[in-house]
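> A predicted structure for the sequence below; I have some questions about it.
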Amino acid sequence: MSELRLMAVHAHPDDESSKGAATMARYADEGVEVLVVTLTGGERGDILNPAMDLPEVHGRIHEIRIDEMARAAEILGVRQHWLGFVDSGLPEGDPPPPLPEGCFALVPLEESTEALVRVVRDFKPHVMTTYDENGGYPHPDHIRCHQVSMAAYEAAGDYRLFPDAGEPWNVSKVYYNHGFLRQRMQILQDEFAKNGQEGPFAKWLENWAADDDVLLKRVTTKIECAKYFQQRDDALLAHATQIDPKSFFFTTPMEWQQRLWPTEEFELARSRVPVTLPEDDLFAGVQP
Ligand SMILES: [Zn+2]
């Protein structure tokens, strides 16, 4: 049994299953203690699976998402903690409407940081994961997730900050998830073509310059986790209201993914231990 601990900070239930999920499943399988912290309840998520767009689902979305999250965590073999903030929703329109009162993105950073620092000091992770400064995509909760995670990384080890939130703990490393890679998409799309199939990524690739790939610019760390891709997909499907099983996420055959792109990618954002880049282990350089 390892004495290492990994904390993955995510904005909404289902984010943990689409960003770095196979990596978490691998570390959990290898005996690392893994905790997902979900900042909001996902109350403002739309029902994205037509098969779940049912009268008995509407009005109960909060409760249903709690059950979905519990199932996904069980599939990944990780623990999960709700931080208890309220989903800000994705403001759509031009200009976008104001954010709803009391939502996570409007909570003062000091307050949400203290809540996360409390969990960090209690769980004592060696490594944290979160999103980059753009949030991975421009949802206000994802951008806030970055801000809160980085503030908590800095504050958790400082005894002068949030003295009522537990004993100080220095997290050794913090990473950004980088799952959305042009090169991966291209390689899979080429495999569809090789097999005389159309492939789901043509439109994406058309509008995405080959030299504008985060993989080339930011990724420092690739984690081999092909063995856990099925667990990742099963966990994502457990979020039944949020994921259409017919979506393009699931159209690439598993064998191609495992053979052609067996890793998940991360960017080392901060470290308190000496590192040598690139790496193939989130815990490289960390002493339990
Ligand atoms: Zn999200």
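Received it, and whenever you're ready, just let me know what you need. From a predicted model like this one, the values you see are computed outputs, not experimental measurements.
> and the protein, which of its residues are near the ion?
11-12, 15 (CB under 5 Å from the ion). Every residue, glycine included, has its C-beta placed from N, CA and C.
> possible to save these as TSV with pLDDT and secondary structure?
Formatted as TSV, the residues of the chain next to the ion follow (pLDDT from 0 to 100; DSSP: H, G, I helix; E, B strand; the rest coil):
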residue	pLDDT	secondary structure
A11	98	coil
H12	96	coil
D15	97	helix
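> Who wins on neighbours among the residues you listed?
A11 (30 neighbours; other CB atoms under 10 Å).
> hang on, the earlier thing: closest one of the residues of the chain next to the ion to A105?
Sorting the residues of the chain next to the ion by how near they are to A105, with CB to CB, puts A11 at the top with 9.6 Å.
> Name the SS class of D233, please.
helix (DSSP: H, G, I helix; E, B strand; the rest coil).
> these two touch, right, it and F250?
Yes - between D233 and F250 a contact is recorded at 6.5 Å, counting by CB atoms under 8 Å.
> of the two, who's got more company?
D233 (21 against 15).
> measure the more buried one to the ion for me?
In this view, D233 and the ion are 18 Å apart by CB to the ion, to the nearest Å.
> where exactly do the helices run in the stretch 51-200 of the chain?
Along the stretch 51-200 of the chain, counting by DSSP state H, counting those that start in this stretch, helices occupy 61-76, 109-123, 140-155, 182-194.
> Please name the bridge partners of T263.
In this entry, T263 is beta-bridged to E224, by DSSP bridges.
> next one: M7
Beta-bridge partners, per DSSP bridges, of M7: L35, M128.
> Surely it touches M128?
Yes - using CB under 8 Å, M7 makes contact with M128 at a distance of 4.9 Å.
> Mutual contacts of the two, please.
Taking CB atoms under 8 Å, 6 or more residues apart in numbering as the criterion, M7 and M128 both touch 120, 171.
> Please parse the protein into its domains.
5-178+218-271, 181-214 (automatic domain parsing).
> Buried deepest among these, which one?
domain 5-178+218-271 (a mean of 19; mean count of other CB atoms under 10 Å).
> just how off-centre is that one within its chain?
4 Å (CA atoms, centre = their mean, to the nearest Å).
> how close does the residue nearest to R121 when sequence neighbours are not counted sit to the ion?
Once flanking residues are discounted, R121 sits nearest to G166: 3.3 Å by CB to CB, 6 or more residues apart in numbering. Using CB to the ion, G166 is found at 27 Å from the ion.
> correct me, but G166 touches K124?
No - if you go by CB under 8 Å, G166 and K124 don't touch, sitting 9.5 Å apart.
> was I right about P168 contacting G157?
Yes - with contacts counted by CB under 8 Å, P168 reaches G157, the gap being 5.0 Å.
> neighbouring contacts of stretch 232-240?
13-14, 16-18, 21-22, 25, 49, 51-52, 65, 68-69, 71-73, 75-76, 243, 245, 249-250, 254.
> Thank you, goodbye.
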